[in-house]
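Asks: sequence and computational prediction follow.
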Amino acid sequence: MIYTTDFTTTEDKLQIPIEYLELMTEQGLDGLTELIRVVVNQAMQIERENHLQARPYERNEYRQGHANGYKPKTVKTRVGEVTFEIPQVREGGFYPAALEKGIRSERRTDEAHKPSVLNLTLS
């Protein structure tokens, strides 16, 4: 799969293309799966660029390795199964923080632990 940039950034602001907004308008919450896929894929691509200290095809003295395509990973979420494209690095040592390695389903906060977390926050 050839991955293209779906979002543009200007002055540290993310702009969502109109087709994704139209998708949400047409499909409502059913469009969330696709929107989540696109947003997380974009975030992982940016994280890889930061890790490599270079954009795709950019050559500079600070570059810390080379991009090496994408690997699909399907994760079960509350809104359905989402297949993400995990950015790869040729030299290894990179895995995006947006997803946990080896996890195939979204982790949910246990209801029993919520009060203790709130108590820790309030203390």
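Replies: Cool, got the structure.
Asks: what mean pLDDT does stretch 30-43 have?
Replies: Confidence over stretch 30-43 (mean pLDDT, whole number) is 86.
Asks: hmm, I typed the wrong one, I wanted stretch 59-70.
Replies: For stretch 59-70, mean pLDDT rounds to 91.
Asks: from residue 63, how far out is the residue nearest to the spatial centre of the chain?
Replies: Nearest to the geometric centre of the chain sits residue 40, at 2.2 Å (C-alpha atoms, centre = their mean). In this view, residue 40 and residue 63 are 25 Å apart by C-beta to C-beta, to the nearest Å. All C-beta atoms are positioned from the backbone trio N, CA, C, and that covers glycine.
Asks: now do residue 92
Replies: Taking C-beta to C-beta, one finds residue 92 at 16 Å from residue 63.
Asks: these two: who's more crowded?
Replies: Counting neighbours by other C-beta atoms under 10 Å for residue 92 and for residue 63 shows that residue 63 has the greater number, 12 against 9.
Asks: and the nearest residue to that one once chain neighbours are set aside, what pLDDT?
Replies: In this structure, residue 63 finds its nearest non-sequential neighbour in residue 54, 4.3 Å apart by C-beta to C-beta, 6 or more residues apart in numbering. Residue 54 is assigned 90 on the pLDDT scale.
Asks: can you pull the contacts of residue 54?
Replies: The contact partners of residue 54, by C-beta atoms under 8 Å, 6 or more residues apart in numbering, come to 60, 62, 63, 64.
Asks: isn't there a strand covering it?
Replies: No - per DSSP: H, G, I helix; E, B strand; the rest coil, residue 54 lies outside any strand segment and is coil.
Asks: and the gap between it and residue 44?
Replies: Distance from residue 54 to residue 44, by C-beta to C-beta: 16 Å.
Asks: same thing with residue 106?
Replies: Taken as C-beta to C-beta, the span from residue 106 to residue 44 is 16 Å.
Asks: repeat that for residue 80.
Replies: Here residue 80 is placed at a distance of 19 Å from residue 44 (C-beta to C-beta).
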